[in-house]
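*Asks:* Sharing a model that was predicted from the sequence below.
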Amino acid sequence: MPLIPPIPILIVDDEADLRDLLVEALQDQGYAAEGAEGGAQALARVRQRHFPVVFTDLNMPGGLSGLELLRAIREDDPRTMGILMTGYATTESAIQALKRGAYDFIQKPFKLAEIEASLERALDYYRVRRENEEYQQNLEQMVATRTQEITGLKNDIERLFEGFVNASVTAIESRDPSTSGHSSRVADLTVGLAEAVNGTPNGPYGGLYFNPIQIREIRYASLLHDFGKVGVREQVLVKAKKIEGERLESIYQRLHQRTLEALRDRLLEAWSKGQSFDHAALGNLLAQEEEETRRLMELVRRSNEPTVLPQEVALELNLLRDLTYQHWSGEPRTLIEPGDLDLLKIPKGSLSAREREEIQSHVTHTYRFLRQIPWTSELAGVPDIAWAHHERLNGKGYPRQLTEPDIPVQSKLMAVTDVYDALTAADRPYKAAVSLERSLEILEQEARVNLLDGEVLRIFLEARIYERTLVPARTP
């Protein structure tokens, strides 16, 4: 509160002559001085207006003493500076006055110059305190405003990053639409599993607790765990069969062409020997060749499926190795290229060893991408968590073949949820969805052979985390 002249000053003394003298002297110096004959009257004045400085006598018979008045004023208006005046000064009374909130202590009889000097010191101190209060208020307001700005900026950054994460997930799924929703489901399952770990009182993870920031770290790592798929060729990423498109069509076409070539060769041979056209014999030959062609096409079709390849089918594929057809140039060519025959002999799945390595490289692509993001210190573990989600406890995972001690716990959680969602997902072109019961059996089998963490799986099952992504059955 700035001091605006005339500054109000209150003089409290039961001696009217002294009181009036001081009032007049201060009024002559430009102060708005007033007098009060006792503590009660002074307190009433203080409650009506603010006095920066109050001079009061120490001993005032019949009412409040000077010390009692200062204490009462301090309770009503702590900004007021009290100056005590007394003709019975002692060291003890001076100490008590200062303890009760008096700013200064003046002994009677005094000179007017002493009053003026004490008043100036009190007003200077008053100004400094008010300036400090104003500065503190302004500082608090500045801090509050700045805090609000920082909070708003933090919220904007978080919304921006959420948008970036969602856009990244969209980019992943646009490359591989068949796995649409996988990243979000894995994130939901892994967060639920982490929260279940928090509620587990006993066992290997009984003392483990993920705080809200760590839960967010797990969520981001789960959402972005497959982002590296953007670096994998699309024809490998979405490959449903061992041989697809024009390459498969070409094999079927060559098998059909081989039938026609057999008929042609038989006709040419008969004509070269002067034999007449035998319609029945030609029909029998055509039926035999077509039956053989259908058998070979069915062999290719069965072998081309990504399911487990039976041993007898794999052996039968050797029949295709030496088959030829006539190229348009007239030269004989191998009907099935060695590379295509090797693809058909893949024991399980649709990927060759090289293609599987390319798919597995998505984990490293993910890590390299996530390492480029300037994560905060609380979220710095996102790249490593995502990097290890395909590692297995027995060292048979990828890409680094880590063993149990070196795999982050968060990655162990994600490994279970990732496998579970991959098994139950109905949108994979290379496999049918596995039933819930069978999926849980497979998870238990993998835990028994030390691929997945058995304790994590136990929590996953007991907390029924898998129900978080179950699609409710439709009511007929």
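*Replies:* Great, that's in hand. Being a predicted model, the structure only gives us computed values, none of them experimental. Numbers count the residues shown, from 1 in each chain.
*Asks:* Do a quick rundown of the helices in the stretch 101-250 of the chain.
*Replies:* Along the stretch 101-250 of the chain, counting by DSSP state H, counting those that start in this stretch, helices occupy 112-175, 182-198, 212-223, 234-237, 245-272.
*Asks:* Turn those helices into a markdown table, including mean neighbour count, distance to residue 295 and mean pLDDT.
*Replies:* Any C-beta I mention is one placed from the backbone N, CA and C, and that applies to glycine too. Below are the helices of the stretch 101-250 of the chain laid out as a markdown table (neighbours: other CB atoms under 10 Å; distance: least, CB to CB, whole Å; pLDDT from 0 to 100):
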| stretch | mean neighbour count | distance to residue 295 | mean pLDDT |
| --- | --- | --- | --- |
| helix 112-175 | 13 | 38 | 85 |
| helix 182-198 | 21 | 39 | 94 |
| helix 212-223 | 20 | 48 | 94 |
| helix 234-237 | 14 | 29 | 78 |
| helix 245-272 | 14 | 10 | 85 |
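*Asks:* With residue 433 as the reference, name the closest of those.
*Replies:* Ranking the helices of the stretch 101-250 of the chain by proximity to residue 433 (CB to CB) places helix 182-198 first, at 12.6 Å.
*Asks:* Please put the alpha-carbon coordinates of that closest one into PDB.
*Replies:* What follows is helix 182-198, C-alpha atoms only, in PDB (Å, rounded to 0.1, in the frame of the first residue of the first chain):
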ATOM      1  CA  HIS A 182      -3.100 -54.900 -32.600                       C
ATOM      2  CA  SER A 183      -0.900 -52.100 -31.100                       C
ATOM      3  CA  SER A 184      -3.900 -50.600 -29.200                       C
ATOM      4  CA  ARG A 185      -4.900 -54.000 -27.900                       C
ATOM      5  CA  VAL A 186      -1.400 -54.900 -26.800                       C
ATOM      6  CA  ALA A 187      -1.200 -51.500 -25.000                       C
ATOM      7  CA  ASP A 188      -4.500 -52.100 -23.200                       C
ATOM      8  CA  LEU A 189      -3.500 -55.600 -22.200                       C
ATOM      9  CA  THR A 190       0.000 -54.600 -21.100                       C
ATOM     10  CA  VAL A 191      -1.200 -51.600 -19.000                       C
ATOM     11  CA  GLY A 192      -3.800 -53.800 -17.400                       C
ATOM     12  CA  LEU A 193      -1.100 -56.500 -16.600                       C
ATOM     13  CA  ALA A 194       1.200 -53.800 -15.100                       C
ATOM     14  CA  GLU A 195      -1.700 -52.600 -12.900                       C
ATOM     15  CA  ALA A 196      -2.300 -56.200 -11.900                       C
ATOM     16  CA  VAL A 197       1.400 -56.600 -10.900                       C
ATOM     17  CA  ASN A 198       0.900 -53.500  -8.700                       C
END
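*Asks:* now that helix, how far from the chain's geometric center?
*Replies:* 12 Å (CA atoms, centre = their mean, to the nearest Å).
*Asks:* got a list of contacts for that helix?
*Replies:* 169, 172-173, 205, 208-210, 214-215, 218-219, 222-226, 410, 413-414, 416-418, 420-422, 425, 456, 459-460, 462-463, 465-466, 468-469 (CB atoms under 8 Å, 6 or more residues apart in numbering).
*Asks:* now swap in stretch 445-459 and tell me
*Replies:* Residues contacting stretch 445-459 (CB under 8 Å, 6+ apart): 193, 196-197, 200, 203-205, 392-394, 396-397, 404, 412-413, 415-416, 419, 443-444, 465.
*Asks:* List buried residues within these.
*Replies:* 193, 196-197, 200, 205, 392-393, 397, 412-413, 415-416, 419, 443, 465 (16 or more other CB atoms under 10 Å).
*Asks:* Pick the one among the residues you listed closest to residue 246.
*Replies:* Minimum distance to residue 246 across these is 34.1 Å, recorded for residue 419 (CB to CB).
*Asks:* So the closest one lies in a helix, does it not?
*Replies:* Yes - Residue 419 forms part of a helix when assessed by DSSP: H, G, I helix; E, B strand; the rest coil.
*Asks:* Give me the nearest residue to it, chain neighbours excluded.
*Replies:* residue 443 (6.4 Å; CB to CB, 6 or more residues apart in numbering).
*Asks:* how close does the residue of the chain most remote from its centre get to residue 169?
*Replies:* Largest separation from the mean C-alpha position in the chain: residue 274, at 84.3 Å (CA atoms, centre = their mean). For residue 274, the distance to residue 169 (CB to CB, to the nearest Å) stands at 74 Å.
*Asks:* Quickly list what residue 85 is bridged to.
*Replies:* residue 57, residue 106 (DSSP bridges).
*Asks:* any idea what the residue farthest from the centre of the chain is structurally, helix, strand or coil?
*Replies:* coil.
*Asks:* Backbone dihedrals for it, both of them.
*Replies:* The phi and psi values for residue 274, taken as degrees, to the nearest 10, are phi 80, psi 20.
*Asks:* which strands and helices sit next to whichever helix or strand residue 291 is part of?
*Replies:* For residue 291, the host element (DSSP states H and E) is helix 279-304. Helices and strands touching helix 279-304, by 3 or more CB pairs under 8 Å, 6 or more residues apart in numbering; DSSP states H and E, are helix 245-272, helix 311-316, helix 338-344.
*Asks:* The first one - contacts with which helices or strands?
*Replies:* Right, helix 245-272. Using 3+ CB pairs under 8 Å, 6+ apart: helix 245-272 touches helix 279-304, strand 324-326.
*Asks:* Can you tell me which of those is nearest to residue 377?
*Replies:* helix 279-304 (50.8 Å).
*Asks:* In this structure, what helix or strand scores lowest on average pLDDT?
*Replies:* helix 91-99 (a mean of 67; mean pLDDT, DSSP states H and E).
*Asks:* Helices along the stretch 351-476 of the chain, start to end?
*Replies:* Going by DSSP H, counting those that start in this stretch, the stretch 351-476 of the chain shows helices at 353-371, 382-387, 409-424, 436-448, 454-462.
*Asks:* just so I know, which of those lies nearest residue 112?
*Replies:* Closest to residue 112 of the helices of the stretch 351-476 of the chain is helix 382-387 (CB to CB; 76.9 Å).
*Asks:* That concludes my questions; thank you for your assistance.
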